[in-house]
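Q: give me a 3D structure for the following:
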Amino acid sequence: MSESSINPPVQGQMFLFQKPELVNKERHEKFGVSQPAKRFGFCANVRAVPLTVSEIPAAMKDYPVVFAGPDQMLPIAVTGLVDDVNLFVDEKGDWEANRYVPGYIRRYPFGVANETGSDRFAIVIDTAFEGMNSGGENPLFVNGEASDMVKQAIDFCKTYEEDRHRTNEFGRLVNETGIAKGQSAQFTPQGETEPRPFAQYLGIDEEALKQLPGEKLAELRDNGVLPLIYAMLISMGNWRMLLQRRALRYGVSDGEIMTPQIN
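A: From the prediction side, this is the model:
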């Protein structure tokens with residue numbers, strides 16, 4: 001949290017954040033946060049959400065868990081297909097009950113800005129968030145001090161950042177083994193014999209994993225990585241569930257399931 005009367009801009013882009021600002025007493029003392037009419041409306045149009053390593057065992061039950069890309073071995077939960085639609089957020093802006101909500105989503109509108117070349121970070125808030133306004137229900141500051149809500153956000157963000165560093169190490173170890181490869185998810189519509197590809201992604205290659213030398217497997221096991229790799233492999237069964245979810249959302253048949261829809 002910044003205590004300076006000058007609020008420096010947040011450099012770079014932050015996923016989901018439109019107008020991130022360092023939380024600052026002089027600038028935000030009269031502001032508060034209220035729950036908007038659509039609680040998860042801010043992420044209703046995202047197809048994937050970042051995950052940390054501690055979230056993979058929970059997320060693998062509901063989402064395909066893959067990597068964002070070869071340049072950034074970041075685990076992500078896939079939440080949508082084809083259109084920019086999060087298939088887990090309904091028209092009322094509610095996340096489907098009893099489905100894991102990623103920590104990145106739960107901490108919003110708060111986030112973290114890291115200092116370049118340092119482990120230090122500052123708390124950021126998205127001032128474009130619909131629920132942030134002057135005199136909001138939950139103030140950012142009380143009697144000139146950070147409110148309990150902000151203190152809780154700081155604690156959450158601190159824990160999240162620690163987990164994010166472990167996630168970076170997880171990505172590094174997986175990348176070194178070469179077991180993450182470009183893959184294609186396919187399905188065969190009812191009445192057809194040829195499978196159709198519907199998603200390209202970077203994921204764990206089971207055959208490459210099987211071919212790893214014993215000492216490499218032991219290294220992954222000893223670093224706590226192997227169970228996470230298996231969890232990601234198990235999560236691949238959720239591709240079919242995403243297809244079914246999309247068919248139900250738009251009321252379409254297997255043959256039309258990947259046809260772009262106009263909202």
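
Q: for the protein, longest helix please?
A: Longest helix in the chain by number of residues (criterion: DSSP state H): helix 148-177.

Q: what helices or strands is that helix leaning on?
A: Applying 3 or more CB pairs under 8 Å, 6 or more residues apart in numbering; DSSP states H and E, we find helix 148-177 packed against strand 72-78, helix 103-107, strand 110-114, strand 121-126, helix 214-222. From N, CA and C alone the C-beta is placed, and that goes for glycine too.

Q: nearest to residue 248, of these?
A: strand 72-78 (16.8 Å; CB to CB).

Q: tell me the mean pLDDT over stretch 101-112?
A: In this model, stretch 101-112 carries a mean pLDDT of 96.

Q: in it, what counts as buried?
A: 101, 102, 103, 104, 105, 107, 108, 109, 110, 111, 112 (16 or more other CB atoms under 10 Å).

Q: next one: the first one from residue 159, what distance?
A: This means residue 101. The spacing between residue 101 and residue 159, counted by CB to CB, to the nearest Å, is 16 Å.

Q: okay, the angle between the longest helix of the chain and helix 214-222?
A: 170 degrees (axes from the mean of the first three to the mean of the last three CA atoms, to 10 degrees).

Q: the inter-axis angle of helix 148-177 versus strand 72-78?
A: Calculated by the same axes, to 10 degrees, helix 148-177 forms an angle of 120 degrees with strand 72-78.

Q: how far is the helix or strand following helix 148-177 from where the chain is centred?
A: As assigned by DSSP states H and E, the chain's next helix or strand after helix 148-177 is strand 180-187. Counting by CA atoms, centre = their mean, to the nearest Å, strand 180-187 is centred 20 Å from the centre of its parent chain.
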